[in-house]
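Participant: Build the 3D model from these lines:
(one chain, ligands or ions: 1)
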Amino acid sequence: PVPVPGFPAPTAHSQQAYDPTDDFTAKWTRADARQIAAMSDPTAPSRENSLPEEYTMPTVPKDFPDMSNDQVWVWDSWTLTDGTSNQPSFKGWEVVFSLVADRSLGFDDRHTYARLGYFYRKANVAERPANGGWTYGGHVFPDGASGAIFEDQSFSHQTEWSGSTRIFDGNKLRIFYTAVAFYRNEDGSNRKPYDPRIVQSEGRIFADENGVWMTGFRDQHDMLQADGTYYQNGAQNEFFNFRDPFTFEDPAHPGKTYMVFEGNTAAPRGERVCTAADMGYRAGDPYTETADEVMDRGAHYQLANVGLAVADNAALTEWTFLPPILSANCVNDQTERPQIYMKDGKYYLFTISHRGTYAAGIDGPEGVYGFVGDGIRSDFQPVNRGSGLALGSPSNLNFAAGKPFAPDYNQHPGQFQAYSHYVMPGGLVQSFIDTIGTSDDFVRGGTLAPTVKLDIDGSDVTVDRSYGHDGLGQWADIPSNYSHPISSAS
Ligand code: FRU
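Facilitator: Modelled structure (predicted):
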């Protein structure tokens, strides 16, 4: 690619596949991520989007309906999957799993009180109510079940964070999620680091003409804790990220089940670990930076990675860590809710990230980032002009970011409109509403945004603005794409 004047060329990535067990980690480099600033319009005025329309989620209106009918806050969500990213319905019902919290909590307090909840609605309905027509089914796990795994029961908060759900023969479900214990003092500081663990729990799903219910989920299998070797742990950094398991089967390795998850490069906080390869500049590029230059600016506090693990048993309760498949050292601190999406023989790694977690000198919007390669471990090519940005919220990189609870006056009102995007069959993308508006006038979300559609074509990922109304589909729309074959089991 021809570099944008004033910006470096992105790193060359071959997309070549490696064996899943190989010690090769693709790098989302600074040279790559700086392509986002290169495509941002430096003259975009206050409250206008500075990023290309084709990579921007259409603006979500402020008067959104609530899918829970005022029962709970809703954020990260996913449906039943079968290991190939298909989304089956069960006995004529679509089912959604969501992080939920009591609406009496402030929306930003939700993270330490999250429970896994579920919703259901009839599949194949032509006309739905504006809010998606879901019925809230309640919590998935019995009270206390997800906390029982912690040896140290003196936690101040214990909570359930994101993951994914697989449906197997008959009506068996396995939920992969993050059980988290916090050990905080009254002032919010840590008495000891929080403890996120990747856990699996098995249950059963049932349905009749009146709705959907679930049983089981009492036994919780404590499977993976950050090892400090590939994946940073709490002893290395009390603010480490380790969560959001997503499991899948790879047709190139039949009989095996893999998991991707959010992690950080394993190094003690503050250690100057970024290298020239993390910078990714081509020899002779006039717009390079050295690793020391960016670390002098503190960029080494941002060390995201996407982890990989392989299952050791058929019950998917025992796993072995493999080296990370992607790192973003000195680029960004969070690559969250990663998923592997297969299309046209290519493997897409989609992950979500925040404007506020970028390293010094790098900027980009809230949204989905995408990387394409020939296998689950590849020299992944960041999509869209080498940048990695697949679908951003409308944002103006010329103005400060603000925070969801305090948006900036000059920002595009949609900057925090959506997060926790999840790419579904056919390129449909669901997400939740965080904040819509500017400092003088904004509303908080807590329900799912309109579903949008991406056209995924090689390393080009663009928004389909002909989908729905100007690119916005229905609110809280998480459709199934086939019905789960039911045996006598249920
Ligand atoms: C994304 C996320 C996930 C985490 C959850 C906690 O929105 O940060 O990584 O599991 O939210 O609320």
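
Participant: What parts of the chain come near the ligand?
Facilitator: Residues of the chain lying near the ligand by CB under 6 Å from any ligand atom: 75-76, 99, 111, 114, 161-162, 178, 243-244, 262, 336-337, 419-420. (C-beta placed from N, C-alpha, C; glycine too.)

Participant: so which one among those residues has the lowest pLDDT?
Facilitator: Lowest pLDDT within those is found at residue 111 (94).

Participant: and the closest residue to that one other than its chain neighbours, what does it touch?
Facilitator: Distance criterion CB to CB, 6 or more residues apart in numbering; nearest residue to residue 111, sequence neighbours excluded, is residue 159 at 7.0 Å. Shown in contact with residue 159 (CB atoms under 8 Å, 6 or more residues apart in numbering): 111-115, 146, 179-180, 182.

Participant: For the longest strand belonging to the chain, buried residues please.
Facilitator: As assigned by DSSP state E, the longest strand anywhere in the chain is strand 190-208. Buried residues in strand 190-208, defined by neighbour count with 16 or more other CB atoms under 10 Å: 193-203, 205, 207.

Participant: which pair in the residues of the chain next to the ligand spans the largest distance?
Facilitator: Across the residues of the chain next to the ligand, the longest distance by CB to CB is 16.6 Å; it joins 178 and 419.

Participant: returning to that earlier point: show me just the buried residues among the contacts of residue 159.
Facilitator: Counted by 16+ other CB under 10 Å, these give 111-115, 146, 179-180, 182 as buried.

Participant: What ranges does the stretch 151-300 of the chain have for its strands?
Facilitator: 157-167, 172-184, 190-208, 211-224, 243-249, 257-264 (DSSP state E, counting those that start in this stretch).

Participant: Run through the neighbouring helices and strands of the longest helix along the chain.
Facilitator: Longest helix in the chain, counting residues (DSSP state H): helix 30-39. Other helices and strands packing on helix 30-39, by 3 or more CB pairs under 8 Å, 6 or more residues apart in numbering; DSSP states H and E, are helix 276-279, strand 381-382, strand 389-392.

Participant: helix or strand right after that helix?
Facilitator: The helix or strand immediately downstream of helix 30-39 is strand 72-81, counting by DSSP states H and E.

Participant: Can you tell me the strand partners of that next one and which way each runs?
Facilitator: Pairing partners of strand 72-81, with direction, according to DSSP bridges: strand 93-102 (antiparallel), strand 157-167 (parallel).

Participant: quick one: residue 329 and the ligand, what's the gap?
Facilitator: When distance is defined by CB to the nearest ligand atom, to the nearest Å, residue 329 is 19 Å away from the ligand.

Participant: What is the burial count for that residue?
Facilitator: Applying other CB atoms under 10 Å, we find 29 residues neighbouring residue 329.

Participant: Which residues are in contact with the nearest residue to it once chain neighbours are set aside?
Facilitator: Distances taken as CB to CB, 6+ apart put residue 278 closest to residue 329, at 4.2 Å, once the chain neighbours are dropped. Counting by CB under 8 Å, 6+ apart, residue 278 makes contact with 27, 29-30, 291, 327, 329-331.

Participant: bridging residues for the spatially closest residue to residue 28 that is not a sequence neighbour?
Facilitator: Nearest residue to residue 28 in three dimensions, chain neighbours excluded: residue 328, at 4.5 Å (CB to CB, 6+ apart). Counting by DSSP bridges, residue 328 is bridged to residue 304.

Participant: Quick check: residue 328 touching residue 304?
Facilitator: Yes: between residue 328 and residue 304 there is a contact under CB atoms under 8 Å: 4.1 Å.

Participant: Find the residues that touch each one of the two.
Facilitator: With CB under 8 Å, 6+ apart, residue 328 and residue 304 have common neighbours residue 335.

Participant: which residues does residue 486 contact?
Facilitator: 90-91, 170-171.

Participant: Which PyMOL command selects the buried ones in the residues you listed?
Facilitator: To isolate the buried ones among the contacts of residue 486 in PyMOL, judged by 16+ other CB under 10 Å, type:
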select buried, resi 90+91+171
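
Participant: for the contacts of residue 486, which one is nearest residue 20?
Facilitator: residue 170 (29.3 Å).

Participant: From residue 484, how far out is the closest one?
Facilitator: Separation of residue 170 from residue 484 (CB to CB, to the nearest Å): 9 Å.

Participant: now residue 57
Facilitator: Taking CB to CB as the measure, residue 57 falls 30 Å from residue 484.

Participant: Among the two, which residue is more densely surrounded?
Facilitator: A count of neighbours by other CB under 10 Å puts residue 57 above the other of residue 57 and residue 484, at 28 against 23.

Participant: and that one, how far is that from residue 267?
Facilitator: 34 Å.

Participant: show me the contacts for the nearest residue to residue 392 once chain neighbours are set aside.
Facilitator: Leaving aside its sequence neighbours, residue 392 sits nearest to residue 365 (CB to CB, 6+ apart; 3.3 Å). Listed by CB under 8 Å, 6+ apart, the contact set of residue 365 reads 36, 51, 56, 355, 389, 392-395, 397, 415.

Participant: The residue of the stretch 351-490 of the chain found nearest the ligand - how many residues pack around it?
Facilitator: Proximity of the stretch 351-490 of the chain to the ligand (CB to the nearest ligand atom) peaks at residue 420, 4.0 Å away. Look at residue 420: counted by other CB under 10 Å, it has 23 neighbours.
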